[in-house]
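1. I need the structure of the sequence given here:
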Amino acid sequence: MFMNTFAFSRFRIRFVLALGILLPGSGFLAAQTRFGAELPFRQEISFGVGTLPFVSSFGEFPLLDNQNVGGMGDLYDVYRTRYTDVSFVPVLSLNYRYALAERISVGVNLSATRAWGKGYNVVSGTDAAKKEITAFYLMPQFRYDYLVSRDWHLFGHVDLGAGYWTGKEDAERISKVLFAGELVPIGATFGRRFFGGAELVVGTVTYGFRGSIGYRF
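-> Numbering: from 1, shown residues only. Have a look, this model is predicted:
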């Protein structure tokens, strides 16, 4: 009798343990099934073009007609080299994104641009050294989708990382690593597998708007 009771107790313990393993496991599988049903495409890659590089407009290439660059009014601001002709390559970016849930995803943004200008010495009234900077940026990204439908995504994201500037000003070499960040308060894409999109961007990489094309898989 004792042996039968002991065997039954062992069976009951094993049965409860089995349920404890199988039930969470079945819940996890069900969650995975729902996740897959909600997100037919979990990964996304896109190529973007930004309208205005931050490096071209905020302090690195002060224009001749802007005498207040720096805002301090000291001798450095007065006598620093100005630029009469500033050109740039729009910010080119490659973005990879992975969906963790229907509205939450993480990714990485790789961007590059180039800016150059013709210097002018305001003291002597003569041409000064030319300056050129090539910039590369690598930024992890967190994105939240406000709206998700079959063809439309409305979203915002934050990118934070680092950038590397290399170039020269006359004979002086430029080489520095600096913080890089972008905030996209609003962006939209249209398309299911192949898509096009547009974003409003504020940051130290792109400033203005960015258009993109991409592919989900």
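2. in stretch 154-172, what counts as buried?
-> Neighbour-count burial for stretch 154-172, counted by 16 or more other CB atoms under 10 Å, picks out 155-159, 161, 163, 165, 167, 169. Using the backbone N, CA and C atoms, a C-beta is placed for each residue, glycine as well.
3. what do you get for stretch 83-98?
-> For stretch 83-98, burial by neighbour count (16+ other CB under 10 Å) applies to 83, 86, 88, 90-93, 95, 97.
4. and which of those is nearest T206?
-> Nearest to T206 out of the buried residues of stretch 83-98 is V91 (CB to CB; 4.5 Å).
5. tell me the contacts of that closest one?
-> Residues near V91 by CB atoms under 8 Å, 6 or more residues apart in numbering: 48-53, 111-113, 205-206, 210.
6. out of those, name the ones that lie in strands.
-> Members of these lying in strands (criterion: DSSP state E): 48-50, 111-113, 210.
7. buried subset of the contacts of V91 as a ChimeraX selection?
-> Buried residues within these, by 16+ other CB under 10 Å, are selected in ChimeraX with:
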select :48,50,52,53,111,112,113,205,206,210
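8. any stretches of this structure with poor pLDDT?
-> For the chain, the stretches flagged by pLDDT under 70 are 1-38, 66-78.
9. one more time with 50
-> By pLDDT under 50, the weakly predicted segments of the chain are 1-37, 69-71.
10. about what we covered before: and the buried residues of stretch 83-98 as a markdown table, adding distance to F136?
-> Output for the buried residues of stretch 83-98, formatted as a markdown table (distance: CB to CB, whole Å):
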| residue | distance to F136 |
| --- | --- |
| Y83 | 22 |
| V86 | 20 |
| F88 | 15 |
| P90 | 15 |
| V91 | 11 |
| L92 | 10 |
| S93 | 11 |
| N95 | 15 |
| R97 | 20 |
